[in-house]
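J.: Show me how the following folds:
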Amino acid sequence: MRVGFSGLTGLTARTHVNQEFADVGRAAMSCRTGQWTSSGLAAEMHSRKGRPRTPYLNLAAEASRDEPLTVNRRYIRKWVGVRADGCPAATAFGRLVPQSVSMDAVRLLTLDPAHFHAALVQKEMYAGVSPVVAVYAPLSLDLTEHLTRVARFNVRSEAPTAWELEVHAGPNALERMLREETAGNVVVLSGRNRAKMERIERAVAGGFHVLADKPWILRSEDLPRMAEALDAADAKGLIAYDIMTERYEVTSMLQRALVNAAAVFGSMVPGSVEKPAIYMDSMHRLLKSVAGVPMLRPVEFFDINEQGEALSDVGTHLVDQAQWIAFPDEAIDYRTDIAMHGAKRWPTTLTAEEWQRVTGGAKVPAALAQYLRDGSFDYYGNNFVSYSVRGVHVQMNVRWDLQGVSDTYVAVFHGTRASVAVRQGEAEQFRPEV
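T.: Numbers count the residues shown, from 1 in each chain. Presented below is the predicted three-dimensional model:
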C-alpha cells in the first residue's frame, strides 16, 4: 500500500473502524525502508472513553512532494486490525453477538450456496459462532464445491478451521430450513441473485438474521421491496447485512479518511460528464483461483437474467464506495439525489474452447442460445455508466475479461486541493495502493 501526499506536512486523518481491538500502542514507520522506526507514519488505535466498541485510527504523516510513503500491508493490518481481504463477516458477527455470550450464540445456516462467497464466511473461526453449521441445498455441483472449499479450510496447514457441517441435501431447501428453525439463527446466502430478495424476505419473516452477498436485487423496480425487507428486519430486531462490502478493505478506509480531511483534499469538485469528479474502473477475471484453488463458473453465472450484468453485481461495490466516501454518514435518496447521464453495455466473447475451460465442459443451455454467435458465446458482463449524486459527477467502468494475473481496480476522487486514488494493477503488483 502506498500513501502519497504532494507537498503536505503534518497531515492528520481520522476514520472509524467498526471492530473492537485491544490496545495496540503506538508505532511509526519509515517512508523509505518500510520498516518500523521512530519517524514517518504513526498509527495509533485505541478506544475512546465512553465508546469502547468504536476505536479510531489516527494517521500522522510527513512526506516530501516527490517521496510517497510506502506502507507495508502486513503492518497496516497488524496495527489497524482490519482484514485485508475485504470480507466483513467478523464485524457482522460482532454486531450479532455480545462478547459475554456463549460460543453457540450464532449458529449459521447456509442456504443453497451458489457462489464462493458463502464458503469465505467460514474461512476463519469466530468467537461467539458455533462450529456446527447446517447446510440446506439441492444435491448439485454448487453444493459439492461449497463443501470442498470448507473442507480445505479445515485441512490447510496454516491456521486450519474446525467446522462441522450438517448437510441436508434435497429439494425444497428453503422450506425445510424454515421448518427446522432450531438448526440455526443466521442465514448465509450467496449467488442465485434473481431469487435472493425473496429468500431474504422469507428468512426475515421467519425470524432469522441474514448475511447475504451482493447483489440483493437485479432490477431498480425492486428497490422499494428491499427497503421493506430492511424495515421488517429492524422491526423484529434482526440484522440483514451485506457480507461482501469493500468498506472493510483498509485502502478504502484510508481513501475515505483522506477525502474527508479538508486540509488534504479540500472539498469535492462537482466535475462534469466529460471530466467526472469520481472515476472508477474494475476489471474481474472469469478464470481465477479462490483460496488457491482454480474455480469453475457454473452455467447460471452467464445468465444475466439470473446473475445480473456487471453493474448490478460487481458494480454494487463501486456505487457504494462512491457514496460512502463522498457523502459519509449521509442517506442518499435514489429518487431525488441521482441523475443518470449515460450508459452502455458490451460483451466479453468466449470461444468454444474458452467456454469449456471456464465452465468445465458444460454445454450452452437452450435458454442462453441467443448469445451464441458463430460458435462463440457473448457474455454481457461489461457496463459503463455516467451519473451524478447531488451534482457530483461519477463515471464507472465495470468489466469482465477472460483471464489475467489478477483483478484490477482504480478509484479516483478529485478535490479542490488534491486527488486521492486507489490503484490495483500491474504497476502495483496487483496489490491495492492509496
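J.: so residue 166 bridges to which residues?
T.: Applying DSSP bridges to residue 166 gives these bridge partners: residue 134.
J.: Contacts only, for it.
T.: 132, 133, 134, 135, 183 (Cβ atoms under 8 Å, 6 or more residues apart in numbering). C-betas here are computed from N, CA, C, even on glycine.
J.: Now the most far-flung residue of the chain relative to its centre, what are its backbone angles?
T.: The C-alpha centroid of the chain is most remote from residue 374, which lies 36.3 Å away (Cα atoms, centre = their mean). Residue 374 adopts backbone torsions of phi 50, psi 40, taken as degrees, to the nearest 10.
J.: Off-centre distance for stretch 283-299?
T.: Here stretch 283-299 is found 16 Å from its chain centre; the criterion is Cα atoms, centre = their mean, to the nearest Å.
J.: got it, and stretch 339-357?
T.: For stretch 339-357, the distance to the chain centre is 22 Å (Cα atoms, centre = their mean).
J.: Could you turn the buried ones of the contacts of residue 166 into a ChimeraX selection?
T.: Buried subset of the contacts of residue 166, written as a ChimeraX selection, criterion 16 or more other Cβ atoms under 10 Å:
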select :133,134,135,183
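J.: So residue 402 sits against residue 284, correct?
T.: No: Residue 402 sits out of contact with residue 284 when judged by Cβ atoms under 8 Å, with a separation of 10.6 Å.
J.: First-to-last residue distance for stretch 330-340?
T.: In stretch 330-340, first residue to last residue: 20 Å (Cα to Cα, to the nearest Å).
J.: list the buried ones in it?
T.: 332, 337.
J.: Where do the domain boundaries of the chain fall?
T.: 2-80, 89-242, 268-414 (automatic domain parsing).
J.: Mind putting the ones you listed into TSV with mean pLDDT and distance to residue 261?
T.: Shown next, in TSV, are those (pLDDT from 0 to 100; distance: least, Cβ to Cβ, whole Å):
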stretch	mean pLDDT	distance to residue 261
domain 2-80	29	4
domain 89-242	89	24
domain 268-414	92	11
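J.: of all those, which lies closest to residue 252?
T.: domain 268-414 (6.3 Å; Cβ to Cβ).
J.: just to revisit the earlier point, export the contacts of residue 166 as CSV, with columns for distance to residue 356.
T.: Formatted as CSV, the contacts of residue 166 follow (distance: Cβ to Cβ, whole Å):
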residue, distance to residue 356
132, 39
133, 33
134, 35
135, 29
183, 39
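J.: Now the two most distant members of the contacts of residue 166.
T.: 132 and 135 (10.7 Å).
J.: Can you pull the phi/psi pair for residue 298?
T.: According to degrees, to the nearest 10, residue 298 has phi -70, psi 150.
J.: swap in residue 350?
T.: According to degrees, to the nearest 10, residue 350 has phi -110, psi 130.
J.: How about it, nearest residue that isn't a chain neighbour?
T.: residue 377 (4.7 Å; Cβ to Cβ, 6 or more residues apart in numbering).
J.: Neighbouring strands of the one helix or strand the one you found maps to in the sheet, and parallel or not?
T.: Per DSSP states H and E: residue 377 is located in strand 376-389. Under the criterion DSSP bridges, strand 376-389 sits next to strand 338-350 (antiparallel), strand 372-373 (antiparallel), strand 392-401 (antiparallel) in its sheet.
J.: Chain neighbours aside, what residue packs nearest to residue 352?
T.: Nearest non-adjacent residue to residue 352 (Cβ to Cβ, 6+ apart): residue 375, at 5.2 Å.
J.: Is it correct that the one you found is in contact with residue 350?
T.: No: using Cβ under 8 Å, residue 375 makes no contact with residue 350, being 10.2 Å away.
J.: Residue 221: neighbouring residues, count only.
T.: Residue 221 has 8 neighbouring residues, counting by other Cβ atoms under 10 Å.
J.: Kindly report the same for residue 324.
T.: Neighbours of residue 324 (other Cβ under 10 Å): 17.
J.: list the contacts for it?
T.: 247, 256.
J.: May I ask which helix or strand encompasses it?
T.: helix 315-326.
J.: Centre of the chain to that helix, how far?
T.: With Cα atoms, centre = their mean, you get 11 Å for helix 315-326.
J.: List the buried residues of that helix.
T.: 315, 316, 317, 318, 319, 320, 321, 322, 323, 324, 325, 326.
J.: could the residues you listed go into CSV alongside distance to residue 167?
T.: Output for these, formatted as CSV (distance: Cβ to Cβ, whole Å):
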residue, distance to residue 167
315, 33
316, 30
317, 31
318, 36
319, 36
320, 33
321, 36
322, 40
323, 39
324, 37
325, 41
326, 44
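J.: Tell me the one of the residues you listed nearest residue 198?
T.: residue 316 (18.4 Å).
J.: what's the closest non-adjacent residue to that closest one?
T.: For residue 316, the spatially nearest residue (Cβ to Cβ, 6+ apart) is residue 214, at 4.2 Å.
J.: Now do the helix holding residue 324 against strand 376-389, angle only.
T.: In terms of direction (axes from the mean of the first three to the mean of the last three Cα atoms, to 10 degrees), helix 315-326 departs from strand 376-389 by 20 degrees.
J.: and stretch 300-319, how far from the chain's centre?
T.: Taking mean C-alpha positions (Cα atoms, centre = their mean), stretch 300-319 and its chain are 13 Å apart.
J.: hey, where'd the strands end up in the stretch 151-300 of the chain?
T.: Using DSSP state E, counting those that start in this stretch, the strands of the stretch 151-300 of the chain run over 164-169, 186-189, 209-212, 240-242, 278-285, 289-290, 293-294.
J.: Name the residues that touch the second one?
T.: With Cβ under 8 Å, 6+ apart as the test, strand 186-189 has contacts from 96, 106-113, 118, 121, 177, 196, 199-200, 203, 208-213, 243.
J.: please redo it, this time with the cut-off set to 7 Å
T.: 96, 106-111, 118, 121, 196, 199-200, 203, 208-213 (Cβ atoms under 7 Å, 6 or more residues apart in numbering).
J.: now the longest one
T.: Contacting residues not belonging to strand 278-285 are listed as 314, 318, 322, 326, 392, 394-401, 403-404, 407-413 [Cβ under 7 Å, 6+ apart].
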